[in-house]
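A.B. asks: Generate coordinates for the sequence data below:
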Amino acid sequence: MNRQRVLIWGGGLLFVIVMLALFSRSGDSGLPFDPDSPGPAGTKALRLLIEEYGADVDVVRGEAGVGGELDRRDADVVLVIVDRMASATHTELREWVQRGNLLVLADGISPLGPDSSPSTLRSQCTIDAFAGLGLENITVNGALDVGPDDDFCLGTPRGAAIVSSPVGEGRIITFASPQFLVNESFGSDDNAVAIAAAVVPRSGRNVVIIDPNHIDPGVFADGELPGFGDESLWDLVPDGVKWGLLQLIIAFLVLAAARAWRHGHPVPEPLVVNLAGSELVAATGTLHERTAHHDHAAQTLRENLHRTLVRRLGLPAATPDDVVAKTAAERLDLDPALVARALDRSQPAGSEQALLDLATRIHTVRQEVLDG
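C.D. replies: Reported below is the predicted structural model:
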């Protein structure tokens, strides 16, 4: 695959990724504190645990007429994970509790529970539902004020993480924060033990969970709480920025296609003329002959003979000419004068005849060496 195809396929893949990011939205299955969500921020594990203890669990999605809805479902326990309800619904729930029912509130800043207070030491527990459980570690941050008639756990009379307040003939059990109820934290520490003891101290109860993600935002008391919306980070990017990124991607694809597209047939280019080795030598000799470089030719012949002799005699390449001539005469039984004249680089070859005589001597010596 050539470079142009890589650019085209890479740009196309980038375009598909951006399009998926532009037009895809996350489903409701991942909403935080959703009793039907198995995701890390959902609370499906909490709902299943309550059912395992023998309670009938209903999920209310919407707060219109909550009081009448609870009476219709014959509920005696209501679990509010995050309070996003209007003040009118608060009044209905408080009246429902006063008739002898139990409200378990996991939102420490809800108007239905006690006020928040600075964190305190978690050492005492006076709530009957938690007696004998030995709660020591629970993922609840912060503390709540403890009234004179309130019971508490994981705290002191000045402030605690769990507070049980009497309201008429019923009670409201409030936890300082709801994070211990999500799926990813539910199995840690004593989280599951604490909520099970609060919601289903005995079997046979009808429990209603109010889903905070399906309440009409138009009836919120203080507007939607931050961090609980269903919009992703990409949804918050302005449309102008999204269209600008789309235009950049299209421009890149057009540029890549223009650079990769071949217009017409390939243009033939003239190739360098290849010469055989013998033709190159002949051409070089002809040039030397035309320029009358007899000395250069003579020098080349002598150097070639020197290399042949030192290689045949096993001498170093830098051996002087006189030593090579003497060694060749002794080992190969050659005429020392003939070898010396053939290697004598001080003798110029100023004419074609002189160059021819030198070539003859060198040829004679070379033949003697080969025969020897």
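A.B. asks: Please give the number of neighbouring residues around Trp243.
C.D. replies: 11 (other Cβ atoms under 10 Å). Quick note: C-beta positions are derived from backbone N, CA and C, even for glycine.
A.B. asks: For Arg307, give its distance to Leu315.
C.D. replies: For Arg307, the distance to Leu315 (Cβ to Cβ, to the nearest Å) stands at 11 Å.
A.B. asks: no wait, Leu144
C.D. replies: For Leu144, the distance to Leu315 equals 104 Å [Cβ to Cβ].
A.B. asks: Neighbour count: these two, which is higher?
C.D. replies: Taking other Cβ under 10 Å, Leu144 and Leu315 do not tie; Leu144 has more neighbours (28 against 16).
A.B. asks: Touching, the more buried one and Arg158? I think so.
C.D. replies: No: using Cβ atoms under 8 Å, Leu144 makes no contact with Arg158, being 10.5 Å away.
A.B. asks: What is the burial count for Leu154?
C.D. replies: Leu154 is flanked by 26 other residues according to other Cβ under 10 Å.
A.B. asks: ok, now Leu93?
C.D. replies: 26.
A.B. asks: so where is the stretch 1-150 of the chain shaky, pLDDT-wise?
C.D. replies: 1-8, 11, 18-30, 62-68, 117-123 (pLDDT under 70).
A.B. asks: Could you pull out the helices in it for me?
C.D. replies: Taking DSSP state H, counting those that start in this stretch as the criterion, the stretch 1-150 of the chain contains helices spanning 3-23, 44-52, 66-72, 87-98.
A.B. asks: Packing partners of the last one?
C.D. replies: Using 3 or more Cβ pairs under 8 Å, 6 or more residues apart in numbering; DSSP states H and E as the contact criterion, the elements in contact with helix 87-98 are helix 66-72, strand 77-80, strand 102-105, strand 159-167, strand 170-175.
A.B. asks: switch to 7 Å and redo it
C.D. replies: Helices and strands touching helix 87-98, by 3 or more Cβ pairs under 7 Å, 6 or more residues apart in numbering; DSSP states H and E, are helix 66-72, strand 159-167, strand 170-175.
A.B. asks: Quick check: which of those is nearest to Ala198?
C.D. replies: strand 170-175 (4.9 Å; Cβ to Cβ).
A.B. asks: which residues are contacting the closest one?
C.D. replies: Applying Cβ atoms under 7 Å, 6 or more residues apart in numbering, the contact partners of strand 170-175 are 97-106, 108, 112-114, 140, 144, 161-165, 198.
A.B. asks: Would you mind checking those for buried ones?
C.D. replies: The neighbour-count criterion (16 or more other Cβ atoms under 10 Å) marks 97, 101-106, 108, 112-114, 140, 144, 161-165, 198 among these as buried.
A.B. asks: In the stretch 101-250 of the chain, mark out all the strands, start to finish.
C.D. replies: Using DSSP state E, counting those that start in this stretch, the strands found in the stretch 101-250 of the chain span residues 102-105, 116-117, 124-125, 143-144, 151-156, 159-167, 170-175, 206-210.
A.B. asks: For the ones you listed, which has the smallest mean pLDDT value?
C.D. replies: In terms of average pLDDT, strand 116-117 trails the rest of these, at a mean of 71.
A.B. asks: Can you give me the buried ones in stretch 312-325?
C.D. replies: Applying a neighbour-count criterion of 16+ other Cβ under 10 Å, one finds 313, 315, 321, 324-325 buried in stretch 312-325.
A.B. asks: hang on, the earlier thing: output the helices and strands packed on helix 87-98 as CSV; include the columns distance to Glu184.
C.D. replies: CSV is the format used below for the helices and strands packed on helix 87-98 (distance: least, Cβ to Cβ, whole Å):
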stretch, distance to Glu184
helix 66-72, 29
strand 159-167, 20
strand 170-175, 17
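A.B. asks: Of all the ones you listed, which one comes closest to Val57?
C.D. replies: Ranking those by proximity to Val57 (Cβ to Cβ) places helix 66-72 first, at 13.5 Å.
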